[in-house]
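# sequence and predicted structure are below.
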Amino acid sequence: MTASAFTSPPVVEVKNVSITFPGVKALDTVSFRLFQGEVHTLMGENGAGKSTLIKALTGVYKIDSGAIIVAGQERNFSGTAAAQEAGISTVYQEVNLCTNLTIGENVMLGHEVRGPFGINWRRTHAAAKVALDKLGLGHLDPRAPLNSISLAMQQLVAISRAMVTKSKVLILDEPTSSLDAQEVENLFRVMRRLRDEGVAILFVSHFLDQVYAISDRLTVLRNGQLVGEYMTRDLDRSELIAKMIGKDLDALKSLGSNRAAYHRPPEAAPLLTVRGLSRKGSIDSTDLDLHHGEVVGFAGLLGSGRTELARLLYGADRADVGDLTLDGKPLHLTSASAGLANRIAFSTENRRDEGIIGDLTVRENMILAVQAKRGWFRPLSRKEQDAIVSKYMAELNVRPADPERPIRTLSGGNQQKVLLGRWLATDPKLLILDEPTRGIDVGAKAEIQERVAQLAGEGVSVVFISSELEEVVRLSERIFVLKDHRLIATIDNGADVTADTIVGIIAAEEHAA
Amino acid sequence: MSENPNRPLAALQTLVRSQFFWGIVAILVLLLLNVIRDPGYLGVRVNPNTGNLSGNVIDILRAAAPILMIAVGMVLVIATSGIDLSVGSVMAVSGAVSMELLRALNGPNSVGVTIVTVLAALAVSTLLGLLNGVLVAYVGLQPFITTLVMMLAGRGLAKVITNGQNTTGKSESFSWIANGTVVGLPVIFLLAVIVVVLVALIVRRTALGLMIESIGINPQASRLAGIRPNGLLLTVYGASGLLAGIAGIFVTANTMTVDVTRTGNQMELDAILAVVIGGTSLAGGKFAIGGAAVGALLIATLDKTVVFLGVPASATPAFKATVIVVLCLLQSQRVRALFRRRRAQIQAQPDSVTAVSTEAEGVVR
Amino acid sequence: MSIDTQERSLVAQSGSRIGNWFRANATTLPTYAALVLFIGMVVYGEVAYGRILQYNTVSNLLINNAHLVILAVALTFVIVTGGIDLSVGAVIAFSSVSGVMLANAGWNPYLVMLVMVVVGSLFGLASGVLIQYFNVQPFIATLAMMFLARGLASMLSTQPERLAEDSPIRSLATEWKIIDGEKVNDLMLTPNVLIAVAVVVAAFFVLHRTRLGRTVYAIGGSESSALLMGLPVVKTKLWIYVISGTLAGLAAVVYTSRLGIAQNITGIGWELDAIAATVIGGTLLTGGAGFVLGSVVGALVLGLMNVLITRDGRIPAAMTTIITGGILLIFVLLQRAVTARRR
């Protein structure tokens, strides 16, 4: 951090900003400051408000109250272009560039060099090369298509856009989720160089190690409110975690390990055997077994292939090759409905786009899979529907308890519970849950985790996928570790296994390659 | 939903929001205009010999029959977030097949010939609809382009079938479909009502309606929930073709001639308008067959009113198009937000990643 | 090192040199394919029917399809952003009918031509506003405009409206003999053809040499990304529909000046021809890639197809719409196959 950091006024100051959406206060009088020449990390659980704050700074959302002050002037961004003109550039997790254009075009989009005859491409590409060179990407050919380079490279290209526009502030939203260790180091090298040149960098990440490696200061949000602004060196990890999840840390700790409640008899025949399962671009050849009444966790970094593998086990995607058997009989998963017919159920991580049918009621959403299984010709009677709906709404504590509301009016956590009800209603033998507790308040989290443990006790095989390694460790009997679209290790859970064990496995794999 | 202490107000709100309300109001307004012009407009006479009913209202019912058919087909297709621009052309093809077959089989007094002709015409129409369905469901083409091509190719097909002629056919029983009566009421309307009721029963008494709405609202989530969209899409497009075929028979049986240029011309406009008036959103999802039926009745009333009031008929398409535009505006989020007096955020969902309008992805699928 | 990982992922992705080359040139390949198709058709026509590769055939091809070329350019702008404009044919009908009626009523002919173009712009603006500000899907908005324009044209007149013989508007269709060949085999040009060429050149310039054009491609690639990159997405999308409408108005001028007659049923099916020309020329119907020069080739392919069909004599005229539709379907299927592979 440069010496001038605290003596000069902040380059961005957020003062008592609130943003409200229908039904939820996403930001509640949040204030924070960003200085020149620092790397500042924004921390918080899912749903804490980080994403909303970033979008307010980028001009995507309008603020309802409070002020955003950039370089001493209060700004009211009319859109993304206005924020960029004010000197704020953002690079998102999905690297929002245009893959149909070339690298140089992407870098210079909106700022191409113009001459008397329109855009001068020679000079534009030259300027692109200069910007790329600043970030160590000088070897790239600006005329090559963007989709010819890796995602990590694309991310750096996105950052070089910020350099073209001479941004004062660079916001990086979860940039490392799909990067390997080498690429992360590269990114950090670039970030440090930019910081030393005086750029203010706002970094959002949930990887604690990375946060501690790169940040100068931290701001913690929880439930849309500011918890505090801290110097990184003044806060140790457990304190940070405590601040992020609040006093409920104890509640989570008390859940302890539910694994003791059930333990599969070692000689039971497997429910599902998988041999040589693979799909181009998703998963390399994988072998695994799943047993009745067992909770298996899939652990790995984002982009490691957990969701892809899960989808293959359900039939949401079709594998290229692979032999599967279910209870000894060959299993052909050609579609999701094939999965359902075999009493497999899959709860997606992307509930908004792949989970809820927004305009349909809670009731209709909940019975949908059961109905789909029965086919269009045999509709569920009102009585049957009511039975399912009342059972699961009570069991899962869905609020508000009105099944005729359109599901989109429910909060994220309750939507997740309705979806869980949808899958439980199909009475599955194998239940695959992809990020079931993402974006849910801690109370609901605990409820869902308990239910998972219960299900295993009843003999259901559960696959539990979560990016929170602590959760996976807490619940699973066995843990499959995935990395780069491969299953790299299977470990039996035990007293000595922690989140760090898994991280260690993933890191070790890197060096071996 | 919101607690409403004022019961009559709540009842009124539900009434206004119902699928039938605006359509029925509009029909009543038009009828009123006619009555003002001629106080005896609504009079229904009974022919003492045949017991047949006749009068302006009966004429409206007759005219509504084909529109009811294509409107019901269209509402199912639109519910899946698709569109069928080819219904008018399929009507022409159906008419062309009918007339050519009647002429070729030459059995003006044979009911058997009529039955064969009807079946043939419906088979061809359904086939065209299924072709649309295959291209949309299995090949994944956008519905508007598929049915646009079918619209133009279909009319070409009708011309090829009749060799460019406006073929006339002779058949008493075929003509009876459009001109006959049962208990004094026009057969054509009774048939139409039966078909509409049948479709409504099939769709709402089974899970078909729910599944159609589901894939219209969110195709990915529906697929993951175990719904298989392909069969459903084939069904709705095939049904649309079939219903257009029925409409084509209705229209041609009326005059016993098929006009390869004019039959069914621009009737997709009527179908879409009926659907939209009936409260179904053009973006797909929840749909209302009853509403579309009322919309069809409204269009028939409108057509007749225009003629009755002496307004040049050439103005109606422009008027209908304007109404569609206005209804699209009313259905749009922006205008809805205005009415609810909520401050429009650029985007409203908090847990979206980059939830900006994806109009560029404006694929209707 | 980072270069290593890049190399590794590149190799993992492509698998072969040819695959790499394919992907790098994937956007231009279809345009070359269209060119090859055109040349192939010329050769076939010359062999099968003769008298194709000669001056007057080429002249007629250009003169008779100038309006279609302009429409294809218009649709290219719109389709590259991932939208569509179904109203162009109907706009031509309304524009030409109103134009001829105004000219016959004694209006200044040059003013009339301007009005015809502006009428197109207004329809385009209406579509753009519906799509951009009211979030109506492009095909619905332009479909409604199509019905509206045709309805308005029918309100004006259902009979063919004849342009006065001496109207200066017709002068746009005067044929200039460039090369005098034997008998009727002359190379002719009309001002309309020059207008079409000018439109193509201007479109090329806008799409490849202006920020507006680059934004058009960006929107087609990913509208959300373009928005987040700070590009003027809203303005640009409005502009392309205005451009499309304006060019439709211009096409009306070009067509009416040649034919001298305007009718409310003019232009039925022309939106399909324009879309087909654009798609044949290599523009992806889903947006993000496309070349205006390719659309020109596509328009000429369709024009040549018509010539060949007439020359053949065995195929009834009613089949042309079926054939155009069939060709369009085939090309769209090919596009889908190629893009599916790429992913």
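Nice, thanks for sending it over. Residues are numbered from 1 along each chain as shown, chains lettered A, B, ... in the order given.

# just checking, what packs against the host helix or strand of C:L148?
Using DSSP states H and E, C:L148 sits in helix C:138-156. Counting contacts by 3 or more CB pairs under 8 Å, 6 or more residues apart in numbering or on different chains; DSSP states H and E, helix C:138-156 is packed against helix B:316-331, helix C:88-104, helix C:109-133. (C-beta placed from N, C-alpha, C; glycine too.)

# dihedrals phi and psi, B:P186?
Per-residue torsions, B:P186: phi -60, psi 130 (degrees, to the nearest 10).

# in the sheet, who's paired with it?
Here B:P186 sits in beta bridges with B:T181, going by DSSP bridges.

# okay, it: pLDDT?
On pLDDT, B:P186 comes in at 90.

# which residues does the residue nearest to C:G221 when sequence neighbours are not counted contact?
Excluding the flanking residues, the one nearest C:G221 by CB to CB, 6 or more residues apart in numbering or on different chains is A:C98, at 3.3 Å. Neighbouring residues of A:C98 by CB atoms under 8 Å, 6 or more residues apart in numbering or on different chains: A:105-106, A:109, A:146, C:217-218, C:221-222, C:225-226, C:229, C:288.

# what's the nearest residue to residue 118 if we skip its chain neighbours?
No chain specified, so I'll use chain A. C:R209 (2.8 Å).

# the chain in question should be chain C.
C:G249 (6.7 Å).

# do I have it right that the one you found meets C:S121?
Yes - under the criterion of CB atoms under 8 Å, C:G249 makes contact with C:S121 at 6.3 Å.

# which one's more surrounded, those two?
Ranked by neighbour count (other CB atoms under 10 Å in any protein chain shown), C:G249 and C:S121 place C:G249 first, with 31 against 20.

# give me every residue that touches the more buried one.
Contacts of C:G249 (CB under 8 Å, 6+ apart): C:91-92, C:95, C:116-121.

# any idea which of these has the most stuff around it?
Most surrounded of the contacts of C:G249: other CB under 10 Å gives C:V91, at 39 neighbours.

# list the contacts for that residue?
With CB under 8 Å, 6+ apart, C:V91 has these contacts: C:119-120, C:123-124, C:145-146, C:149, C:245, C:248-249, C:252, C:267.

# of these, which is the most crowded?
Most crowded among the contacts of C:V91, counting by other CB under 10 Å, is C:A248 at 36 neighbours.

# most proximal residue of chain B with respect to chain A?
Closest contact between chain B and chain A, by CB to the nearest CB, is at B:G226 (3.5 Å).

# make sure that residue is indeed in a helix.
No - under DSSP: H, G, I helix; E, B strand; the rest coil, B:G226 falls outside any helix and is assigned coil.

# go ahead and confirm it touches A:R343.
No - here B:G226 lies out of contact with A:R343, judged by CB under 8 Å, at a distance of 11.5 Å.

# neighbour count for the two, which is higher?
B:G226 (26 against 17).

# let me see the contact set for the residue nearest to A:G118.
Per CB under 8 Å, 6+ apart, neighbours of C:R209: A:117-119.

# and the pLDDT for the most centrally placed residue in chain C?
The centre of chain C sits closest to C:A72, judged by CA atoms, centre = their mean, with a distance of 0.5 Å. In this model, C:A72 is scored at 96, pLDDT.

# which of the helices or strands spans it?
C:A72 belongs to helix C:55-80, assigned by DSSP H and E.

# which elements pack onto that helix?
helix C:88-104, strand C:187-189, helix C:191-209, helix C:211-221, helix C:233-259, helix C:270-280, helix C:292-312.

# going by mean pLDDT, which of those comes out lowest?
strand C:187-189 (a mean of 83).

# residue contacts, the closest residue to chain C within chain A?
Residue of chain A nearest chain C, by CB to the nearest CB: A:G118 (2.8 Å). Counting by CB under 8 Å, 6+ apart, A:G118 touches C:205, C:208-210.

# now which of those would you call buried?
C:R209 (16 or more other CB atoms under 10 Å in any protein chain shown).

# which two among the contacts of A:G118 are spaced furthest apart?
C:H208 and C:T210 (8.0 Å; CB to CB).

# name the next helix or strand downstream of the helix or strand B:A239 falls within, please.
Element membership for B:A239 (DSSP H and E) is helix B:229-255. Downstream of helix B:229-255, the first helix or strand assigned by DSSP H and E is helix B:267-277.
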